[in-house]
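Colleague: Sequence first, predicted coordinates after that:
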Amino acid sequence: MHVVILAEFAAASGGAEKVAVESARALAEAGAEVTYIQAIGGPVDPLLDHPRLRRIELGLPDVWSLPAWRGAASGIWNGAAAARLAATLDTLDALPRPPDCLHLHQWTRALSPAVLPVLLARGIPVVLTLHDYALACPNGVDYRFDRAEPCTLTPLSGACLAASCDPKSRLHKLVRVGRAAALRLAVGRTALDVVHVCDGSRARVEGRLGTLRVRHHRVDNPVRIERGPPAEPAANDAVVYVGRLTPEKGADLVAEAARRVGLPALFVGAGPLEARLRAEGAEVLGWRSPEAVAAILRRRARAVCAPSRWLETGPLTVYEALAQGLPVVASRRSGAAEKVVDGETGFVVEPEAAALTGAFGSLKDDALTARFGREAYDRYWRAPLTLAAHARSLLTLYSRLRDEYLMRQCGMVGHDTQLPTAHPRGASLGRDPFSSL
């Protein structure tokens, strides 16, 4: 099977790129032929160096690097991106093994909705992973930054258009509304196959897509971590937060709750709250490599906290913490909370300082912290989210979609055929995904 992975970067500057790169590597290791198309130039992750993996760069500019008017226009509809992608796919079609499936991970920084008609016209399955809510919500995260709470408005309704919910400005909101409208026009009545990385994402998106027709599938994000001895969280001192330091991700809540119970708060990342956190006495390390983060967690983390105020789909750090045997305190609004067993591997709480304070206070108990850590480790490794498991899930989905397309071309099924949902663990759904590699 030949799979095309389409993303805007070839190195991790966020969770979506990390998943795209690791998916490409996992598929190549599973025996698939993989073409990784990156829209924007820049660093390239060494994971993309594999004999069965080719990389193509479209050379598009990041819309945030362009003059305001041009960036706005390109963000809504980037005709150059569509043309370059179409030409690239034409060259791939000429290969001895043309693509069997196209998998889009990102499109908001350079590609724009203009690439969707190009992808959907190729006559092969197209899959879109929803790392956020940009398919439904203009600002992409289904969150009202003006009120610091999840949005309850119908996307693109009159109330939505009037809301001053964008994290930057009303002008940015206008551009994002134009992009969302362009996306719906670009897709039309075509049924999209979308992959959710958590159950909460599907529950949130259903009913908020307007005229878009969507078939939902569920595949866990991969976690690239080798099994080693479990950490010893009871011997560590700090509550650790890893990620961008912003209010919507709850970094300020960690600092306040840790201060209330007398535990050190350690932050790995950077962002708008960095100066405030430093001034309040928190330890802020800035960004670190994945290897360095893993070492910091083992050495310092009594628990890892993901206290998002917004409906975060699946912060990978939570899974990595569980894999090392570290308790996790997760926001009830986060997809990561689905992997935390409340009262057994950590706590699932509301993203509020009082709730976090209670959880952190409990974790001052060495015996409880050690027990949570052991249980986290054991539960994770009974069903680990490995790259191999991720590849099996994707290949199962791709194979079923490809078979449906072939049957449709022969007139054996209708265009509205609903496929069974892909199993998150990659269990067989009837066909061996490796049978035609």
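Modeller: Now that the structure is in, tell me what you want to look at.
Colleague: what residues are up against residue 391?
Modeller: 23, 26, 27, 29, 30, 32, 426 (Cβ atoms under 8 Å, 6 or more residues apart in numbering). In short, each C-beta sits where N, CA and C put it, glycine included.
Colleague: Not counting sequence-adjacent ones, nearest residue to the spatially most central residue of the chain?
Modeller: Residue closest to the average C-alpha location in the chain (Cα atoms, centre = their mean): residue 131, at 3.4 Å. Spatially, and ignoring its direct neighbours in sequence, residue 131 is nearest to residue 16 (3.9 Å; Cβ to Cβ, 6 or more residues apart in numbering).
Colleague: And that neighbour, which helix or strand is it part of?
Modeller: helix 15-29 (DSSP states H and E).
Colleague: hmm, who's touching that helix?
Modeller: 3, 5, 7-12, 34, 36, 45, 47-48, 50-53, 103, 105-106, 129, 131-132, 197, 221-222, 224, 314-316, 387-388, 390-391, 394-395.
Colleague: which among these end up buried?
Modeller: Among those, those classed as buried by 16 or more other Cβ atoms under 10 Å are 3, 5, 7-10, 12, 34, 36, 45, 47-48, 50, 52-53, 103, 105-106, 129, 131-132, 197, 221-222, 224, 314-316, 387, 390-391, 394-395.
Colleague: Which residue ranges of the protein form helices?
Modeller: 15-29, 68-76, 79-93, 115-120, 158-162, 170-187, 199-205, 251-261, 274-279, 290-300, 316-324, 353-362, 366-382, 387-409 (DSSP state H).
Colleague: tell me the mean pLDDT for the fifth one?
Modeller: For helix 158-162, the per-residue pLDDT values average out at 96.
Colleague: sorry, back to before: for residue 114, see how far away the residue nearest to the centre of the chain is.
Modeller: Residue 131 sits 20 Å away from residue 114, going by Cβ to Cβ, to the nearest Å.
Colleague: Now that the residue nearest to the centre of the chain has come up, it's in contact with residue 104, right?
Modeller: No - in this structure, residue 131 is not within contact of residue 104 by Cβ atoms under 8 Å, at 10.6 Å.
Colleague: end to end, how far does stretch 287-307 reach?
Modeller: The first and final residues of stretch 287-307 sit 19 Å from each other (Cα to Cα, to the nearest Å).
Colleague: How far away from the center of its chain is that stretch?
Modeller: The chain centroid and the centroid of stretch 287-307 are separated by 19 Å under Cα atoms, centre = their mean, to the nearest Å.
Colleague: Show me which residues of that stretch are buried.
Modeller: Buried, per 16+ other Cβ under 10 Å, within stretch 287-307: 293-294, 296-298, 300-307.
Colleague: same check, this time on stretch 360-375
Modeller: 360, 362, 363, 369, 370, 371, 372, 373, 374, 375.
Colleague: My guess is the second one contacts residue 371. True?
Modeller: No - counting by Cβ under 8 Å, residue 362 stays clear of residue 371, with 11.3 Å between them.
Colleague: follow-up on the earlier one: just the angle between the helix holding residue 16 and helix 316-324, please?
Modeller: 50 degrees (axes from the mean of the first three to the mean of the last three Cα atoms, to 10 degrees).
Colleague: between helix 15-29 and helix 290-300, what angle do the directions make?
Modeller: 110 degrees.
Colleague: Determine the angle, from 0 to 180 degrees, between helix 15-29 and helix 387-409.
Modeller: Helix 15-29 and helix 387-409 are oriented at 80 degrees to each other (the same axes, to 10 degrees).
Colleague: where does the chain dip in pLDDT?
Modeller: 13, 412-437 (pLDDT under 70).
Colleague: domain assignment for it?
Modeller: Taking automatic domain parsing as the criterion, the chain consists of the domains 2-222+388-409, 233-382.
Colleague: With respect to burial, which of the ones you listed scores highest?
Modeller: Across the domains of the chain, averaging neighbours per residue (mean count of other Cβ atoms under 10 Å) puts domain 233-382 on top, at a mean of 20.
Colleague: Just the endpoints, please. Distance across it?
Modeller: For domain 233-382, the first-to-last residue distance is 20 Å (Cα to Cα).
Colleague: What of stretch 57-68?
Modeller: So stretch 57-68: terminal residues 24 Å apart, Cα to Cα.
Colleague: From residue 298, how far off is the residue lying closest to residue 81 once chain neighbours are set aside?
Modeller: Closest residue to residue 81 apart from its sequence neighbours, by Cβ to Cβ, 6+ apart: residue 111 at 4.9 Å. Note on residue 111: its distance to residue 298, by Cβ to Cβ, is 38 Å.
Colleague: want to throw the helices of the chain into TSV with distance to residue 41?
Modeller: Shown next, in TSV, are those (distance: least, Cβ to Cβ, whole Å):
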stretch	distance to residue 41
helix 15-29	14
helix 68-76	16
helix 79-93	13
helix 115-120	17
helix 158-162	35
helix 170-187	22
helix 199-205	30
helix 251-261	31
helix 274-279	28
helix 290-300	22
helix 316-324	25
helix 353-362	41
helix 366-382	36
helix 387-409	26
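Colleague: now for the ones you listed, which one comes closest to residue 146?
Modeller: The minimum distance between residue 146 and those falls on helix 170-187, with 10.1 Å, by Cβ to Cβ.
Colleague: and the angle from that closest one to helix 79-93?
Modeller: Computed by the same axes, to 10 degrees, the angle between helix 170-187 and helix 79-93 is 40 degrees.
Colleague: and helix 170-187, what other elements does it pack with?
Modeller: When contacts are defined as 3 or more Cβ pairs under 8 Å, 6 or more residues apart in numbering; DSSP states H and E, helix 170-187 packs onto helix 68-76, helix 115-120.
Colleague: okay, those in a markdown table with distance to residue 335 next?
Modeller: Below are the helices and strands packed on helix 170-187 laid out as a markdown table (distance: least, Cβ to Cβ, whole Å):
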| stretch | distance to residue 335 |
| --- | --- |
| helix 68-76 | 26 |
| helix 115-120 | 25 |
